[in-house]
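In: Kindly return the folded structure for what I paste below:
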Amino acid sequence: LLVRRGGYGAGVFVGPKLVDSKVGSRHVQGTTKAGGWSQQRFARRRDNQAREAFAAATEVAVRILAGARLDALVCGGDRRAIETVLEDPRLKGIAKLVRPPFLGVADPKQKVLEAAGVDARAIRIELTEPQDEDGPSQS
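Out: Here you go, the predicted model:
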């Protein structure tokens, strides 16, 4: 599940193969340097547009993910947006399946969703310095 203010994507992978997906976008106005009443009006407009975009992302997530048999749910994009989508009661069952990593994605398009499936399945290796019995080395 990938969600950002302006776009969203949901996909189901069986192994490396994307078997069901939907991506979409909604216009969310950028910030403005206007001051005073105009700035407040634009901020309200952005908030309303973002709310509509998250609602659209939620509907797609319900349609694509809620009925699927999932072992794990990997998310990416904007954490606040993901949290907003997963708060929907219809997604309660899959919200507990969220697993790392949280993927950083720019704009959730179809190719980005496909790449996210590969990234989610990648093995992460963390290298650490070996420690002596006396503690960390002092080199």
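In: quick one, what contacts residue 110?
Out: Residues in contact with residue 110 (C-beta atoms under 8 Å, 6 or more residues apart in numbering) are 9, 21, 23. Where C-beta positions appear, they are placed from N, C-alpha and C, glycine not excepted.
In: who wins for most neighbours among those residues?
Out: residue 9 (28 neighbours; other C-beta atoms under 10 Å).
In: then whichever strand or helix holds that residue to CSV, C-alphas only?
Out: Using DSSP states H and E, residue 9 sits in strand 7-14. Output of strand 7-14 as CSV, limited to C-alpha atoms (Å, rounded to 0.1, in the frame of the first residue of the first chain):
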residue,chain,number,x,y,z
GLY,A,7,-1.4,9.7,-5.3
TYR,A,8,-1.9,6.2,-4.1
GLY,A,9,-1.4,2.6,-5.1
ALA,A,10,-2.4,-0.8,-3.8
GLY,A,11,-1.2,-4.1,-5.0
VAL,A,12,-1.3,-7.8,-4.2
PHE,A,13,1.8,-9.8,-4.9
VAL,A,14,2.1,-13.6,-5.1
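In: quick one: contacts of it?
Out: Contacts of strand 7-14 (C-beta under 8 Å, 6+ apart): 1-3, 18-26, 53, 56-57, 60-61, 63-65, 68, 70, 77, 85, 107-110, 112-114, 116-117, 120-121.
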